[in-house]
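S.K.: Make a model of this:
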Amino acid sequence: MRMSLAQRVLLTWLFTLLFLIMLVLKLDEKAPWNWFLIFIPVWIFDTILLVMLVVKMAGRCKSGFDPRNGSHNIKKKTWYLIAMLLKLAFCLALCAKLQGFTTMKLAYVFIPLWALLIGGMIELGYNIFYVRRD
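M.R.: Purely as a prediction, here's the structure:
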């Protein structure tokens with residue numbers, strides 16, 4: 001099952017729109033919902049992405065796959081998996097803080113996001129400045 005670029009963009013737009021509508025309703029105090037309910041569109045979207053990523057990574061385990069062909073590709077997919085888990089950790093910590101389940105300092109809540117941003121900058125720098133010499 002492959003999704004076209006237009007389908008992926010539409011799916012991303014739809015989940016973002018749902019999240020923003022729910023967030024605005026919560027912030028305007030029109031809806032007395034739990035913060036974990038507000039983030040459901042984000043978690044559904046992340047779950048879809050994680051399943052697609054794991055399926056692609058599991059495709060390397062099938063018979064007849066030559067591991068020498070995609071060593072760089074598996075590193076990239078591993079980084080994507082780590083990035084998704086960091087984003088999930090940030091969202092869970094933020095919801096717990098906003099809902100009042102924890103008395104953790106806000107600076108500690110943002111540690112996964114900071115790690116994600118630093119990793120993203122390293123990835124960007126690597127992709128921009130790394131020149132492969134054959």
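
S.K.: For the residue nearest the centre of the chain, give me its contacts.
M.R.: Centroid-nearest residue in the chain: Met84, 3.4 Å away (criterion: Cα atoms, centre = their mean). Counting by Cβ atoms under 8 Å, 6 or more residues apart in numbering, Met84 touches 46, 49-50, 53. Every residue, glycine included, has its C-beta placed from N, CA and C.

S.K.: Please give me every residue in contact with Ala96.
M.R.: Contacts for Ala96 (Cβ under 8 Å, 6+ apart) come out as 102, 104.

S.K.: next structured bit after the helix or strand harbouring it?
M.R.: Element membership for Ala96 (DSSP states H and E) is helix 71-99. Next in sequence after helix 71-99, counting helices and strands by DSSP H and E, comes helix 106-109.

S.K.: CA atoms of that next one as CSV?
M.R.: The C-alpha trace of helix 106-109 is given here as CSV (Å, rounded to 0.1, in the frame of the first residue of the first chain):
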residue,chain,number,x,y,z
LEU,A,106,8.9,23.0,32.4
ALA,A,107,12.6,22.9,31.5
TYR,A,108,12.6,19.2,32.0
VAL,A,109,9.4,18.8,29.9
